[in-house]
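Engineer: Give the three-dimensional model of this entry:
(4 chains)
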2 protein chains.
Amino acid sequence: MQAAIDELGFVRNEAARALRKGVAHTLGVVVEDISNPYFTDMARGAEAALNTAGYDALWCTSDGSPEKERRCLDFLEEQGVSGIIITPVALDASRIARLRTRGMQVVLIDRRVPGAGSSSVSVDHVMGGSLAVRHLVAIGRTDIAFVTAEPEPPPLRQRRGGALRALARAGYPPALTISMTESSAAAGQSAARRLLEFGTLPNGIFCANDLMAIGLVNELTRNGVKIPQDCAVIGYDDIDLAATAVVPLTTIHQPRRELGRKATELVLADADNQHIVLAPELVVRDSSE
Amino acid sequence: MQAAIDELGFVRNEAARALRKGVAHTLGVVVEDISNPYFTDMARGAEAALNTAGYDALWCTSDGSPEKERRCLDFLEEQGVSGIIITPVALDASRIARLRTRGMQVVLIDRRVPGAGSSSVSVDHVMGGSLAVRHLVAIGRTDIAFVTAEPEPPPLRQRRGGALRALARAGYPPALTISMTESSAAAGQSAARRLLEFGTLPNGIFCANDLMAIGLVNELTRNGVKIPQDCAVIGYDDIDLAATAVVPLTTIHQPRRELGRKATELVLADADNQHIVLAPELVVRDSSE
DNA sequence: CCCGTTTCGTGAATCGTTTCAAACATCCCT
DNA sequence: AGGGATGTTTGAAACGATTCACGAAACGGG
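Structural biologist: Numbering: from 1, shown residues only, chains lettered A, B, ... in the order given. Have a look, this model is predicted:
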């Protein structure tokens, strides 16, 4: 039988199959920024898990734009996917409800939408921010700056929240915050320039993600700042590049693959209103001695 | 009419449409490595072009594995996409022929498959390699090493070929070649360590891509090597991170967006046997003074 | 005013797969 | 050997959008 199939080059028509069954054996994965390793690693974790379950993945990119996110969802809805894993940008409860009435389970990454009944998987960013600052404090840094992006996505806000709380607990004054318009290495570079213009450098810097931290460390190093002696730097995400940076970067590791895997499990189990929170971990490297 | 559609929340069933029309208004994009910005930028260029043409993109990742590539193609074939843009790993003429008989145009990126009749878009890697070495020679470097990956994908082989030829033309001895098992920043770091163990450092290094160059520059810098004074380094791709590296990286810029756009045009025009070759450009930054 | 032509709208057939049902063959038990 | 139960084969209906054909209505010209 299989021999005959191969012989004739038969390929099942997925369109007909989806039409008849009313639903495809396909899952949509909508990711915010495909140039950020954090998201691609998460998506790969999801893909691996869902492949082994016999599903195929449809990738989409929202590029952080509500408009493009809407188009992605329209597309997935038209395709009749059986579920959607998404890092939401401007997704609201009504859209989720509509998808759910059409039989598509929605699982959110790193964000909850109240009243929608959908499940979510996230990493505890408040804890991560707190871990970062507690580490800086533990190695004797008291004058701590925070580099983030504006507008600030919820995960970054939570990281900053955790950081501020840890700082207050330690009895230090509130941190200097620098906001950039994006969260790339180039933004980190600009942040470093701004810090250098101030004249006095803080002795600890917490960047909201690794890409910014890398750009910042590079620019500081170029200007003769010794890291971690003059200034300790800690990033967030633990992307591959963090380990091979000029000054290997201390960072908060996120279980990205695990995140994708859990999300897949929730979609396939058709779970309602379940919220999984994973714990981040501190990874100490040279940038904080 | 449109108001009524929105009112009732009607969503066209793409499966039924595809079934009836025999072909989806969708294009497949198969990419080799989603963690390499070179590929994602190319894919984004393609997506933008094909969105404006009213098509949707189906992304797949082969992860450089022939097995996974096959699965991606099976999937796209089942979906009945109207065309495929692919950076092939182990794609042979017979598979292409089969796809074409099913009405799917195939356009190859950075590689040609002889006898398949399909079109291709590539960047002139031989020229790029030559540009790189000529630049190193022009700034007075004579002892030049080449860092590549093993097994060496065709584009890397071409870059090395162009580099060797330019070196021969300039009348210098053949270069030292270091091969790593992958082409990541971590591999570049290992390459640097190996070079340092040799004792005498070459005064010019050409890395087959920017990620490796960044890892290498970081490791050399960490060990006190002054770039470009002690050793000039040139990368390849001109990814975003190249400009913000500790030592901003001289590199060969590839028109990645343009690559994706041209590929889209060829697929949509249903072009047979057309081969577009784009020209790379030298971008001089600090790593080569 | 009638006929020919165009336009519009309705209905039926189609795409390839799945699913359900009915028909048919097989087998065991009484 | 007949009846019930089980398993297998064959056939037909359905999914929803599209397309084509057909008939009705509108329109223009003679």
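Engineer: all strands of chain A, in order?
Structural biologist: Using DSSP state E, the strands found in chain A span residues A:26-31, A:56-61, A:83-86, A:105-109, A:119-123, A:144-149, A:176-180, A:204-207, A:232-234, A:251-253, A:275-278, A:281-283.
Engineer: Any chance of a markdown table for the ones you listed, columns mean neighbour count?
Structural biologist: To be clear about C-beta, it is placed using only N, CA and C from the backbone, and glycine gets the same treatment. Below are the strands of chain A laid out as a markdown table (neighbours: other C-beta atoms under 10 Å in any protein chain shown):
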| stretch | mean neighbour count |
| --- | --- |
| strand A:26-31 | 25 |
| strand A:56-61 | 24 |
| strand A:83-86 | 26 |
| strand A:105-109 | 24 |
| strand A:119-123 | 24 |
| strand A:144-149 | 24 |
| strand A:176-180 | 18 |
| strand A:204-207 | 30 |
| strand A:232-234 | 28 |
| strand A:251-253 | 25 |
| strand A:275-278 | 15 |
| strand A:281-283 | 16 |
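Engineer: and DNA strand D, which of these is closest to it?
Structural biologist: Nearest to DNA strand D among the strands of chain A is strand A:26-31 (16.6 Å), distances taken as C-beta to the nearest atom of the strand.
Engineer: Show the average pLDDT along the closest one.
Structural biologist: Per-residue pLDDT over strand A:26-31 has a mean of 94.
Engineer: So it, near DNA strand C or not?
Structural biologist: No. Strand A:26-31 lies out of reach of DNA strand C by C-beta under 7 Å from any atom of the strand, never closer than 13.2 Å.
Engineer: which neighbours does that strand have in its sheet, and in what orientation?
Structural biologist: Strand pairing for strand A:26-31, determined by DSSP bridges: strand A:56-61 (parallel), strand A:83-86 (parallel).
Engineer: Least confident of the ones you listed, on average?
Structural biologist: Among the strands paired with strand A:26-31, strand A:56-61 carries the lowest mean pLDDT, at a mean of 90.
Engineer: and that strand, how far out from the chain's middle?
Structural biologist: Mean-position distance between strand A:56-61 and its chain equals 17 Å (C-alpha atoms, centre = their mean, to the nearest Å).
Engineer: Contacts made by it with the rest, please.
Structural biologist: The contact list for strand A:56-61, computed with C-beta atoms under 8 Å, 6 or more residues apart in numbering or on different chains, reads A:25-34, A:43, A:46-47, A:50-51, A:68, A:72, A:75-76, A:79, A:81, B:44, B:47, B:58-60, B:75.
Engineer: how about a cut-off of 7 Å?
Structural biologist: A:25-31, A:34, A:43, A:46-47, A:50, A:72, A:75-76, A:79, A:81, B:58-59, B:75 (C-beta atoms under 7 Å, 6 or more residues apart in numbering or on different chains).
Engineer: cool, and stretch A:260-268?
Structural biologist: A:27, A:42-46, A:49-50, A:53, A:83, A:85, A:105, A:107, A:109, A:119, A:121, A:274, A:276.
Engineer: Alpha carbons only: can I get that stretch in CSV?
Structural biologist: Extracted C-alpha coordinates of stretch A:260-268, given in CSV (Å, rounded to 0.1, in the frame of the first residue of the first chain):
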residue,chain,number,x,y,z
GLY,A,260,7.0,26.6,23.9
ARG,A,261,6.5,23.0,24.9
LYS,A,262,4.1,23.9,27.7
ALA,A,263,2.2,26.1,25.4
THR,A,264,1.8,23.3,22.9
GLU,A,265,0.6,21.0,25.7
LEU,A,266,-2.1,23.4,26.7
VAL,A,267,-3.4,24.0,23.2
LEU,A,268,-3.5,20.3,22.4
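Engineer: Return the mean pLDDT over it, rounded to an integer.
Structural biologist: The model assigns stretch A:260-268 a mean pLDDT of 96.
Engineer: Do a quick rundown of the helices in the stretch 101-250 of chain A.
Structural biologist: Taking DSSP state H, counting those that start in this stretch as the criterion, the stretch 101-250 of chain A contains helices spanning A:125-138, A:154-169, A:185-198, A:210-222, A:240-243.
Engineer: and among those, the most buried is which?
Structural biologist: helix A:210-222 (a mean of 27; mean count of other C-beta atoms under 10 Å in any protein chain shown).
Engineer: before we move on, the earlier item: can the strands paired with strand A:26-31 go into CSV with extra columns for distance to A:I234?
Structural biologist: As requested, the strands paired with strand A:26-31 are arranged in CSV below (distance: least, C-beta to C-beta, whole Å):
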stretch, distance to A:I234
strand A:56-61, 29
strand A:83-86, 29
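Engineer: looking at these, which is closest to B:H135?
Structural biologist: strand A:56-61 (34.9 Å; C-beta to C-beta).
Engineer: got the CA positions of that closest one in PDB?
Structural biologist: Provided in PDB are the C-alpha atoms of strand A:56-61 (Å, rounded to 0.1, in the frame of the first residue of the first chain):
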ATOM      1  CA  ASP A  56       2.300  21.000  11.700                       C
ATOM      2  CA  ALA A  57       3.200  24.600  12.600                       C
ATOM      3  CA  LEU A  58       2.200  27.700  10.800                       C
ATOM      4  CA  TRP A  59       4.500  30.600  11.700                       C
ATOM      5  CA  CYS A  60       3.400  34.200  11.600                       C
ATOM      6  CA  THR A  61       5.100  37.400  12.600                       C
END
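Engineer: looking at the strands of chain A, which is closest to B:H253?
Structural biologist: Of these, nearest to B:H253 by C-beta to C-beta is strand A:56-61, at 23.2 Å.
Engineer: Span of stretch A:219-236 from start to end?
Structural biologist: 18 Å (C-alpha to C-alpha, to the nearest Å).
Engineer: pLDDT (mean, whole number) over that stretch?
Structural biologist: Rounded mean pLDDT across stretch A:219-236 is 96.
Engineer: For it, what is the distance to the chain centroid?
Structural biologist: 24 Å.
Engineer: Beta-bridge partners for A:F206, please?
Structural biologist: If you apply DSSP bridges, the partners that A:F206 bridges to are A:F146, A:I234.
Engineer: show me what contacts the closest residue to DNA strand C within the stretch 101-250 of chain A?
Structural biologist: Closest residue of the stretch 101-250 of chain A to DNA strand C, C-beta to the nearest atom of the strand: A:G103 (14.0 Å). By C-beta under 7 Å, 6+ apart, the residues touching A:G103 are A:V23.
Engineer: nearest residue to A:A213 other than its sequence neighbours?
Structural biologist: Spatial nearest neighbour of A:A213, excluding adjacent residues (C-beta to C-beta, 6 or more residues apart in numbering or on different chains): A:G235 at 3.2 Å.
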